[in-house]
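# how does the following fold in three dimensions:
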Amino acid sequence: MTIPKTGQLDAGAPDAASSSQAKQCSTSRVLVIGAQGVLGRILAQEFETAGWAVVRAGRRPDPGVGFRHADLDEPETVAAAIGAADVVINTVPDPGLTAETMVLDRGGLLINVSAMPAGAGRRLRHEAGTARGTVVMNAGIAPGVTNLIAAGLLAAHPQADEVELVFTVSTKSTSGRAGGDFAHRGLTTAGRHRTKVIPLPQPFGPRRCLGFAEPDGGWLGSVAGDRVVSPYVCIAERTTHRAMLAMNKAGLMSRLPRAAFGSPPSPDGGDASEEPVAHWVAVLRQGERLAARTLECRGDYRCAAAAAVVFARTLIADGAGSALPRGVFDPEDLLSLDGLAPALREHGIAAVNQPVTTSRAEPARGSMPARTTT
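Predicted coordinates:
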């Protein structure tokens with residue numbers, strides 16, 4: 001069974017759909033696993049603002065109202081916590097995939113926003129068996145909304161043989177331990193990465209970007225098919241970015257210490273940062289860019305949380321009349337950007353068309369090959 005992708009909804013008349021979704025989520029309960037972390041705290045606040053009944057879950061004692069003990073190393077605590085939730089949001093990059101496996105076995109809906117290695121999703125699909133629940137992996141901003149942009153561009157340009165992605169990041173953005181681990185893992189997969197000049201919009205501008213997490217293929221699932229997926233990263237702070245490029249040229253990226261990515265701030269302190277974000281997605285044919293779009297917003301964690309609320313609200317509404325398909329999915333398997341665009345714009349998240357030249361894009365430099373997702 002499949003549900004209609006949101007792109008099939010009437011995007012020109014969002015009021016009725018928004019009213020239906022608001023009514024649905026007003027009675028919905030969400031469990032946020034990892035709510036004691038930075039991203040989990042922001043997610044819980046975003047769901048509360050959207051009118052959901054929020055249950056925070058974590059492994060440390062917490063006297064706060066609406067808290068449940070849930071330690072992913074103690075499956076019985078997870079089972080007790082997820083039982084009454086309409087949606088489970090997991091912010092914890094758990095190698096054991098405890099919560100995901102439990103939802104697949106027992107039923108329900110889980111949305112994972114932890115950006116685990118792409119292999120985790122493939123392994124979960126392989127081990128899912130006869131699923132009773134629905135798990136959506138990589139459902140944040142990047143990966144997440146970037147997947148939907150890529151799917152839309154590939155649908156419009158099926159002749160494309162390459163997907164090019166750039167994740168823009170800032171050393172001044174809100175981040176936690178998992179965010180630092182994510183950046184460290186993506187940059188240390190090789191001693192030397194490919195580099196390429198990408199015409200990013202302001203405030204970044206054209207920048208030589210650095211290959212990033214190549215084995216994960218931009219976290220694109222089956223939508224990429226057998227196309228090459230070329231992921232890069234651009235660090236907003238130019239001095240830091242130049243230093244990374246120098247280390248890359250020297251072949252030292254795999255030696256970057258984890259300490260270089262900072263210590264996480266206090267999870268209960270301050271508002272989410274609002275640094276400029278301009279993630280780039282382009283499709284190419286024989287080195288020539290056919291089309292490009294940027295995902296633009298302010299604040300990576302803030303917008304990742306907002307996107308997760310939009311995903312959850314839409315999936316709950318779509319599954320109200322007929323059951324959600326069961327198994328493991330990426331966002332682009334169930335949703336499309338067209339239908340989500342109005343709700344995302346309410347949170348300041350927009351996909352912006354970028355001009356492309358008719359000449360071939362500069363070829364990537366370096367010995368690290370682009371990876372496919374297969």
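
# how near is S336 to A35?
Separation of S336 from A35 (Cβ to Cβ, to the nearest Å): 29 Å. No exception for glycine: its C-beta is placed from N, CA and C like everyone else's.

# my bad, should have said E274
Using Cβ to Cβ, we find E274 at a distance of 22 Å from A35.

# strand partners of the helix or strand harbouring F167, parallel vs antiparallel please.
Remark: F167 resides in strand 162-169, with elements defined by DSSP states H and E. Under the criterion DSSP bridges, strand 162-169 sits next to strand 228-235 (parallel), strand 276-285 (antiparallel) in its sheet.

# so N353, which state does it fall into?
When the structure is split into helix, strand and coil by DSSP: H, G, I helix; E, B strand; the rest coil, N353 lands in strand.

# I should have written G152 there, sorry.
Under three-state DSSP, G152 falls in the helix class.

# circling back: look at S336 and A35 and report which has more neighbours.
Set side by side, S336 and A35 give different neighbour counts by other Cβ atoms under 10 Å, the larger being at A35 (28 against 20).

# which SS class is the more buried one?
Three-state call for A35 (three-state DSSP): coil.

# in the chain, which helix is the longest?
Within the chain, and with DSSP state H defining each element, the longest helix by residue count is helix 300-321.

# next one: that one to chain centre, how far?
Chain-centre distance of helix 300-321: 12 Å, with Cα atoms, centre = their mean, to the nearest Å.

# how about stretch 204-220?
Here stretch 204-220 shows a centroid-to-chain-centroid distance of 14 Å under the convention Cα atoms, centre = their mean.

# alpha carbons only: can I get it in PDB?
As requested, C-alpha coordinates have been extracted for stretch 204-220 and formatted as PDB (Å, rounded to 0.1, in the frame of the first residue of the first chain):
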ATOM      1  CA  PHE A 204      28.600  32.600   0.700                       C
ATOM      2  CA  GLY A 205      29.400  33.400  -2.900                       C
ATOM      3  CA  PRO A 206      31.400  31.200  -5.300                       C
ATOM      4  CA  ARG A 207      33.500  29.000  -3.100                       C
ATOM      5  CA  ARG A 208      35.900  26.000  -3.600                       C
ATOM      6  CA  CYS A 209      34.000  23.400  -1.700                       C
ATOM      7  CA  LEU A 210      35.400  20.300   0.000                       C
ATOM      8  CA  GLY A 211      34.300  16.700  -0.500                       C
ATOM      9  CA  PHE A 212      32.200  15.500   2.400                       C
ATOM     10  CA  ALA A 213      30.900  12.100   3.600                       C
ATOM     11  CA  GLU A 214      31.400  10.600   0.100                       C
ATOM     12  CA  PRO A 215      30.500   7.000   1.200                       C
ATOM     13  CA  ASP A 216      27.000   8.300   2.300                       C
ATOM     14  CA  GLY A 217      26.200   9.700  -1.200                       C
ATOM     15  CA  GLY A 218      24.400  12.700   0.200                       C
ATOM     16  CA  TRP A 219      22.000  10.400   2.000                       C
ATOM     17  CA  LEU A 220      20.000  10.100  -1.200                       C
END
